[in-house]
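> Whatever this is, show me its structure:
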Amino acid sequence: MISLVSRTLASGALLMALLATSATAQDGPIREAIRDRIAERRAERQAGGSPSASGLELITIQHQGSQRSYYIDPATVSAGRGVVMVFHGGEGDGRNAQESALLSRFAGSYGFAAVYPNSPGQQWNDGRATTRSSFDDVGYTRAVAADLRARFGLDTGRMFAAGVSNGGMFTQRLACEAPDLFRGYGVVVANMPADLASRCAPGQAQPMIFFQATDDRLMPWQGGEIANIAILGIGTGGRVLSAIETQEFWIRVNNCGGGSGGSVRDDANDGTKAQLITYNCAGGAALRFWVLEGAGHNWPGGTRGGGRIAGNISREVAATDAMLSFFARYGL
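All right, here's what the predicted structure looks like:
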């Protein structure tokens, strides 16, 4: 995901050494990615350091006997406001999620507090066997909600979850296992983990909006094994359903009627097209699937990402704006 590609992998000297030793033909894409990262590091040094999320406050809490943390944008905090949580991708943290989603631009007009939880070890326990750990991240999310209510007086009865890549798979786990906690969910470039699908039974329809990319090299459109490129710190493997199977899973779980597809957007001249498919489901819930043809493993409409590994950023739709508009239908 975006934060995976932009992650600080190692020192510049180590990157150069890796590049020099990656001499086989099959290592071509990896060598190209390392070259990209070297260029990024040089640009960061010239700019005075790595890009960072400005204005965020780091909050620490205790959970399961250990210290956990989340970021909050204090400029968005006001007692009684609802909450939008964005869960970062693998190998990232809440600052990466902020840099992707840029929620603060919209917090004033929609009236919510922007929150960015941090995973332990930079991977959410998202339901894949490969990310399974002793950390109860679903319970931790409940602990964050309780802290937001006690510390800031926020309305945790109006919470919404969004996530990208590993964070998007974890967002689906929350929809499965904590359906009472959030009113709606946004999932960016993340299919349903196969291990999670076999045990997911939320018991009620969940309003959800998805952004799925056909040319995603890290989250395969056709399903199967997720990318795992250890030399670049990308991915932890594991199997996922295909994008279509993910749609079918949630259509079935949400007890939805027939879908309606809109016209294809191709206005941005960015090599991508976008189509929205909408389903009306039980209890007034809705499913929306943005299918992004030609797009890669990026936050649609975002400013970070792209490159040989992540692929095209679609600007046919701005994911943050689209999901907040969707959340507003459910009380944001």
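> among the helices and strands of the protein, which has the poorest mean pLDDT?
Least confident helix or strand, the chain: helix 12-21 with a mean of 34, by mean pLDDT, DSSP states H and E.
> So E99 is in contact with T320, correct?
No - using Cβ atoms under 8 Å, E99 is not in contact with T320; the gap is 11.7 Å. C-beta: built from backbone N, CA, C; applies to glycine.
> which residue ranges form the helices in the protein?
2-6, 12-21, 28-47, 94-101, 104-110, 137-152, 166-177, 194-197, 243-253, 307-310, 319-328 (DSSP state H).
> By mean pLDDT, show me the worst of these.
Of all those, mean pLDDT reaches its minimum on helix 12-21 (a mean of 34).
> For burial, what's the neighbour tally of P202?
For P202, the tally of surrounding residues (other Cβ atoms under 10 Å) stands at 17.
> Spatially, which residue comes closest to the residue positioned nearest the centre of the chain, not counting chain neighbours?
Centroid-nearest residue in the chain: V164, 1.0 Å away (criterion: Cα atoms, centre = their mean). Nearest residue to V164 in three dimensions, chain neighbours excluded: V188, at 4.1 Å (Cβ to Cβ, 6 or more residues apart in numbering).
> List the contacts of that neighbour.
162-165, 168, 210-211, 299-300, 319 (Cβ atoms under 8 Å, 6 or more residues apart in numbering).
> what's the answer for Y70, then?
Contacts of Y70 by Cβ under 8 Å, 6+ apart are 58-59, 61, 94, 115-118, 144.
> And the buried ones among these, selectable in PyMOL?
Per 16 or more other Cβ atoms under 10 Å, the buried members of those correspond to this PyMOL selection:
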select buried, resi 59+94+115+116+117+118+144
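> Nearest to S198 among the contacts of Y70?
Set against S198, the nearest of the contacts of Y70 by Cβ to Cβ is P117 (25.7 Å).
> Relative to G92, how far out is that closest one?
Distance of P117 to G92, given as Cβ to Cβ, to the nearest Å: 11 Å.
> distance of the residue nearest to the centre of the chain from C176?
Counting by Cβ to Cβ, the gap from V164 to C176 is 18 Å.
> With adjacent residues omitted, what lies nearest to R199?
C176 (7.7 Å).
> who's in contact with the one you found?
127, 196, 199-202.
> For the residues you listed, which entry has the maximal number of neighbours?
With neighbours taken as other Cβ under 10 Å, the top of the contacts of C176 is G127, carrying 26 neighbours.
> so that residue makes contact with D195?
Yes - with contacts counted by Cβ under 8 Å, G127 reaches D195, the gap being 5.6 Å.
> what stretches of the stretch 201-332 of the chain score poorly on pLDDT?
Within the stretch 201-332 of the chain, the stretches with pLDDT under 70 are 230-235.
> can you rerun that using 90?
226-237, 258-259, 261-263, 265, 302-310 (pLDDT under 90).
> could you pull out the strands for it?
208-213, 224-225, 239-240, 259-261, 273-280, 286-293 (DSSP state E, counting those that start in this stretch).
> Point out the most buried one among the ones you listed.
Of all these, strand 208-213 has the most neighbours on average by mean count of other Cβ atoms under 10 Å, namely a mean of 26.
> what does that strand contact?
175, 184-189, 191, 219, 221, 243, 246-247, 250, 254, 285, 287-292, 295-298, 300, 311, 314, 317, 319, 322-323, 326.
> got the angle between that strand and strand 286-293?
For strand 208-213 against strand 286-293, the angle by axes from the mean of the first three to the mean of the last three Cα atoms, to 10 degrees is 10 degrees.
> quick one: N312 and G271, what's the gap?
N312 sits 5 Å away from G271, going by Cβ to Cβ.
> Could you do I244 as well?
Taking Cβ to Cβ, one finds I244 at 22 Å from G271.
> Which residue or residues pair with F210 through a beta bridge?
V187, F289 (DSSP bridges).
> Against S134, how distant is it?
Taken as Cβ to Cβ, the span from F210 to S134 is 30 Å.
> D266 too?
Counting by Cβ to Cβ - D266 and S134 are separated by 47 Å.
> Likewise for S242?
30 Å.
> What of T171?
T171 is 21 Å from S134, by Cβ to Cβ.
> Looking at the two, which is more packed in?
T171 (28 against 8).
> which residue packs closest to the more buried one, ignoring adjacent ones?
Leaving aside its sequence neighbours, T171 sits nearest to G163 (Cβ to Cβ, 6+ apart; 3.7 Å).
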